[in-house]
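A.B. asks: Provided below are the primary sequence and the corresponding predicted coordinates.
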Amino acid sequence: MPIRWYGPADPTDPTYRHFNRVVNLTLHGMAFAAVNSGLWFFQEMRHPWSHLNVVTGLWLVGLVIHLTVVLRLRPEPEPDNPAS
């Protein structure tokens, strides 16, 4: 099921900004997986690269920091007021 935003794109809406951050985190994770799996594949095939562990580790740390920022900037849930 694709991720979709229903409604107008309002950059001042906190829910829309959180949705934007989640989509960016998803793209970051996909790029991490695609690039690193390709690099490790080529290293195993024939081209040894001694610093690939460092590159992968630093990028993984960046991805975890990105995840932490997304979770910390999550908007507060709206209270349910059935009486109003």
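C.D. replies: Received it, and whenever you're ready, just let me know what you need. Numbering: from 1, shown residues only.
A.B. asks: going forward, measure contacts and count neighbours with C-alpha atoms only.
C.D. replies: Will do.
A.B. asks: against which helices or strands is the lowest-mean-pLDDT helix or strand in the chain packed?
C.D. replies: Least confident element among the helices and strands of the chain, by mean pLDDT, DSSP states H and E: helix 14-45 (a mean of 93). For helix 14-45, the packing partners by 3 or more CA pairs under 8 Å, 6 or more residues apart in numbering; DSSP states H and E come out as helix 52-72.
A.B. asks: mean confidence for the helix it packs on?
C.D. replies: Mean pLDDT, taken over the full extent of helix 52-72, equals 96.
A.B. asks: which residues are in contact with the residue most central in space within the chain?
C.D. replies: Central residue check for the chain by CA atoms, centre = their mean: the C-alpha nearest the mean position is that of Leu25, 1.4 Å away. Contact partners of Leu25, counting by CA atoms under 8 Å, 6 or more residues apart in numbering, are Leu63, His66, Leu67, Val70.
A.B. asks: any chance of those residues in JSON lines, with distance to Tyr6 and neighbour count too?
C.D. replies: Converted to JSON lines, the contacts of Leu25 look like this (distance: CA to CA, whole Å; neighbours: other CA atoms under 10 Å):
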{"residue": "Leu63", "distance to Tyr6": "27", "neighbour count": "17"}
{"residue": "His66", "distance to Tyr6": "25", "neighbour count": "18"}
{"residue": "Leu67", "distance to Tyr6": "24", "neighbour count": "17"}
{"residue": "Val70", "distance to Tyr6": "21", "neighbour count": "18"}
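A.B. asks: nearest to Val54, of the residues you listed?
C.D. replies: Val54 has its nearest neighbour among the contacts of Leu25 in Leu63, at 14.1 Å by CA to CA.
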